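Q: structure of the sequence below:
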Amino acid sequence: GTLKSYAVGFVLSVVLTAIPFWLVMTDALADARVAAAIIVGCAIAQIAVHTLCFLHVHTKGEGGWTLLAYVFTAVIVLITIAGSMW
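A: Below is the predicted model of the structure:
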């Protein structure tokens, strides 16, 4: 990783952390469902930022096997969560 990718990742991480914090602390949105959706969206974006900027998981690394393993893990987690909710 380069200094630029780490700096971009850091800035995005701070922004994606500050937005939900601000929403909760200021009670900016009256509808709790909308606030929860925004918080979950920021969390998913945060996962993507950390994966790309800090963990360097992409298609070029190790012939794409790292990315494939990451996607497999995400699918298993989603199946587990969906099965638990069902």
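
Q: ok, and what's touching the helix or strand hosting residue 11?
A: Assigned by DSSP states H and E, residue 11 falls within helix 3-26. If you take CB atoms under 8 Å, 6 or more residues apart in numbering as the criterion, helix 3-26 is touched by 28-29, 35, 38-39, 42-43, 45-46, 49-50, 52-54. Glycine gets a C-beta too; all of them are placed from N, C-alpha and C.

Q: so where's the chain shaky on pLDDT?
A: Across the chain, nothing is flagged by pLDDT under 70.

Q: change it to 80
A: Residue ranges of the chain with pLDDT under 80: 1, 58-64.

Q: and the residue nearest in space to the middle of it, how far from residue 3?
A: For the chain, the residue nearest the mean C-alpha position is residue 47 (2.2 Å; CA atoms, centre = their mean). Distance, residue 47 to residue 3, by CB to CB, to the nearest Å: 22 Å.

Q: can you tell me the SS state at the residue lying farthest from the centre of the chain?
A: Here the chain reaches farthest from its C-alpha mean at residue 30, the gap being 24.5 Å by CA atoms, centre = their mean. Using DSSP: H, G, I helix; E, B strand; the rest coil, the structure places residue 30 in coil.

Q: ok so, going back, what lies in contact with the helix or strand hosting the residue nearest to the centre of the chain?
A: Per DSSP H and E, residue 47 falls inside helix 32-49. By CB under 8 Å, 6+ apart, the list of residues contacting helix 32-49 from outside reads 9, 12, 13, 16, 17, 19, 20, 23, 24, 28, 29.
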